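Enquirer: Whatever this is, show me its structure:
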Amino acid sequence: MIDLSPMRGLHVDPKARTARAQGGVTWAEFNRETQLYGLATTGGVVSSTGIAGLTLGGGLGWLMGKYGLAVDNRLSVDIVTADGRVLRACRDEHADLFWAVRGAGANFGVVASLEYQLHPVGPTVTGGLVAHPIESAREVLRFYRDVTASLPDEFTVFAGLIHAPDGSGAKLAAIVVCHCSPLGVGEAATRSMKAFGSPAMDTVGPLTYCQLNAMLDAAYPKGALNYWKSNFLVQLSDEVIDTMIECFARCPSPMDHILLEHLHGAATRVGIGDTAFPHRRTATTVPCCLNGWTGPTLIGASPGLGTPIRR
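Expert: Numbering: from 1, shown residues only. As a prediction, the model looks like this:
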């Protein structure tokens, strides 16, 4: 295990719209610096996530419909290979290695720094969360399925079965959104989600891109233990929705949740073989079962979506 967390250097070139960051930088740090110039690139949806690990595995995020995945915006990497060589990999140098580190994970060396393409974003976007009582989960997820059937590139919409952020343990069905167009466009696009049903919580409105990126941080506290499992679906059928709801009803921890992340737009217009991240099919939905706990030790997983068995 090599700890890169002390490597926090970051340089932004606002004219070229690029940024070079060392491997220990988090998305909170990255966005803080790039947003000084009204720039951003697709990053994680939790601000404490490290840029390197997320980017090496593909990199889904709030801007992927408009600007593609994190790997699609990476221009080069400085990597130390197992034999001690220090290489710069990009499209024109060590192209095979550059292809591999765009989606195949951290199996090819230690990535000391990464260079990204930046895009005009913010500083204010439209985003937030609309949550409904768990009794409405089936209707909420069907509504989510209908909404994501046709989305503009600028609009990212996720959904989930979550526990209330107040620590009460109440179960909720939520839709989480980001619209990176001007505020008037984003307000109009999110109006139907705010009007749907009888929300128990509605935080959708103008906020900074940095605030949006930190919106879900409380669900991923430092030091938490996690068991995550995910799959790709071509269609969010009624059967899948019912299975998700049934499994979530059995989730024992208030940190447990099931998320749906919708792929569309620029992220799906990249060729399957152009990067090592092959999941480029339009309207693919990603259900992730995220189980978290802070005390007992995980000893196994039950059938279904990965609910933990604990002692």
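Enquirer: pLDDT averaged over the helix or strand hosting A131 - what is it?
Expert: If you go by DSSP states H and E, A131 is part of strand 124-133. Strand 124-133 comes out with an average pLDDT of 96.
Enquirer: can you list the residues that contact it?
Expert: 62, 140, 162, 164, 172-181, 183, 186-187, 189-190, 193-194, 196-209, 212, 215 (CB atoms under 8 Å, 6 or more residues apart in numbering). (Each C-beta comes from the backbone N, C-alpha and C, glycine too.)
Enquirer: Restricted to strands, list those residues.
Expert: Taking DSSP state E, the ones among the contacts of strand 124-133 that sit in strands are 162, 172-179, 201-202, 205-208.
Enquirer: what's next to stretch 202-210, contact-wise?
Expert: Identification of contacts with stretch 202-210 by CB under 8 Å, 6+ apart yields 28, 31-32, 35, 40, 47, 62, 121-131, 177, 180, 183, 186-187, 190, 193-194, 215.
Enquirer: what about burial for these, which qualify?
Expert: Neighbour-count burial (16 or more other CB atoms under 10 Å) applied to those gives 28, 31, 35, 40, 47, 62, 121-122, 124-131, 177, 180, 186-187, 190, 193, 215.
Enquirer: so how many other residues sit close to F277?
Expert: Neighbours of F277 under the rule other CB atoms under 10 Å: 22.
Enquirer: where does the stretch 151-300 of the chain have low pLDDT?
Expert: Where the stretch 151-300 of the chain drops to pLDDT under 70, the residues are 282-300.
Enquirer: the helices in it, which residues?
Expert: Per DSSP state H, counting those that start in this stretch, the stretch 151-300 of the chain carries helices over the ranges 183-195, 209-213, 238-249.
Enquirer: chain center to the second one: distance?
Expert: On the basis of CA atoms, centre = their mean, to the nearest Å, the separation between the geometric centre of helix 209-213 and that of its chain is 12 Å.
Enquirer: Which of the residues in it are classified as buried?
Expert: 209-213.
Enquirer: What's the local residue count around N231?
Expert: 12.
Enquirer: next one: the one 3 residues further on
Expert: Burial of V234, expressed as a neighbour count using other CB under 10 Å, amounts to 10.
Enquirer: And D238, by the same measure?
Expert: Each residue near D238 was counted by other CB under 10 Å, and the total is 12.
Enquirer: and what of the one 3 residues further on?
Expert: Under the neighbour criterion other CB under 10 Å, I241 is assigned a count of 21.
Enquirer: list the contacts for it?
Expert: Neighbour list for I241: 137-138, 141-142, 145 [criterion: CB under 8 Å, 6+ apart].
Enquirer: repeat that for 7 Å
Expert: Shown in contact with I241 (CB atoms under 7 Å, 6 or more residues apart in numbering): 138, 141-142.
Enquirer: Just send the residues you listed back as JSON lines, with pLDDT and neighbour count too.
Expert: Output for the contacts of I241, formatted as JSON lines (pLDDT from 0 to 100; neighbours: other CB atoms under 10 Å):
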{"residue": "R138", "pLDDT": "97", "neighbour count": "15"}
{"residue": "L141", "pLDDT": "96", "neighbour count": "23"}
{"residue": "R142", "pLDDT": "96", "neighbour count": "13"}
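Enquirer: Pick the one among these closest to M7.
Expert: Proximity of the contacts of I241 to M7 (CB to CB) peaks at L141, which lies at 41.0 Å.
Enquirer: That closest one is in contact with A159, isn't it?
Expert: Yes: if you go by CB atoms under 7 Å, L141 and A159 touch, sitting 6.1 Å apart.
Enquirer: what residues are shared contacts of the two?
Expert: If you check L141 and A159 against CB under 7 Å, 6+ apart, no residue is contacted by both.
Enquirer: How about the contacts made by M64?
Expert: M64 is in contact with 42, 156, 266-267, counting by CB under 7 Å, 6+ apart.
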